[in-house]
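Undergrad: Below are the sequence and a predicted model; questions follow.
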Amino acid sequence: MDLAGVYDNPQYYEIAFSFRDIPAEVDVFEECFKRFSQIPVKSVLELGCGNSPHMEELIKRGYQYSGLDLSKAMLEYSREKALRIGAEVNLIHGDMVDFSLETEVDFVYVLLGSLAAKNTSEQTTHFDSVANVLKKGGLYLLDWCVQDDPPWVSESGGNWVLEREGIQVKTTVLWKAINPVEQTFEETLSMEVNDHGEKLNIVGKEIKRAIYPQEFLCFISASKHFEFVGWWNNWDLRQPLEQANKFDRPIALVRRI
């Protein structure tokens, strides 16, 4: 089983992850541009874009948006969203592990731990692909892609309930170790949906690789393409990770050299 079933239901997925404050997160993007980018930022690329939650806000602020995803259903959902707001966007069907673009962009980001690399080789190929599409001096922001503890140490995982326009979605995330040496784990995402009385249970599983802080620093230090800029807890540039007792949606920032 993979996450295809989950991604084939973009409306429910969008509700499930609507807890985010999108304008505030774009504010953080722009503060990073101001402080750390060595080039003006006009074009952005979201990897694993899914339902492209930040697209409308970014376009409203004058940026050119591109999104890459493996799910055709998610891309079509994002395309329809762009049509509704009359926006021209570049939506690409592709694998974030190994991809290319026709033109370079000024900023790249991946959200909610969506980095799809399952081993070190795929991680290297991924960062090489990002380097090939990101202009020198541009930033790459990774949200929740660096862990403080192995995800599988939490037996209970997490769950939450959100509702919009009469549709209720209870989301549960669970983790299970696959190979501690390879740092791989299985993530199970389930959505219990009540759509105006119609009940659905949508479940997907995906293999991911944990990345730990010192490992990430060593990886970036050894890279020919990137330099480490910084990392912060809970999308707050006033909270460097070194001061965090427990990670909560940490963001890491690297720059193309």
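TA: Yep, it's here.
Undergrad: which stretches of the stretch 101-250 of the chain form helices?
TA: Assigned by DSSP state H, counting those that start in this stretch, the helices in the stretch 101-250 of the chain fall at 120-133, 213-221.
Undergrad: could those helices go into JSON lines alongside mean neighbour count, mean pLDDT and distance to Ser66?
TA: Every residue, glycine included, has its C-beta placed from N, CA and C. JSON lines is the format used below for those (neighbours: other C-beta atoms under 10 Å; pLDDT from 0 to 100; distance: least, C-beta to C-beta, whole Å):
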{"stretch": "helix 120-133", "mean neighbour count": "17", "mean pLDDT": "97", "distance to Ser66": "9"}
{"stretch": "helix 213-221", "mean neighbour count": "14", "mean pLDDT": "97", "distance to Ser66": "24"}
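Undergrad: can the ones you listed go into JSON lines with extra columns for distance to Asp149?
TA: Below are those laid out as JSON lines (distance: least, C-beta to C-beta, whole Å):
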{"stretch": "helix 120-133", "distance to Asp149": "19"}
{"stretch": "helix 213-221", "distance to Asp149": "11"}
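Undergrad: between these, which one is nearest to Tyr65?
TA: Among the helices of the stretch 101-250 of the chain, helix 120-133 comes nearest to Tyr65, with 14.2 Å by C-beta to C-beta.
Undergrad: for the stretch 151-257 of the chain, what are the low-confidence residue spans?
TA: 152-157 (pLDDT under 70).
Undergrad: If we use 80, what do you get?
TA: 151-157 (pLDDT under 80).
Undergrad: re the thing from before, right, so of the helices of the stretch 101-250 of the chain, which gets closest to Trp144?
TA: Closest approach to Trp144 among the helices of the stretch 101-250 of the chain is made by helix 213-221 (12.4 Å; C-beta to C-beta).
Undergrad: elements contacting that closest one?
TA: strand 226-232 (3 or more C-beta pairs under 8 Å, 6 or more residues apart in numbering; DSSP states H and E).
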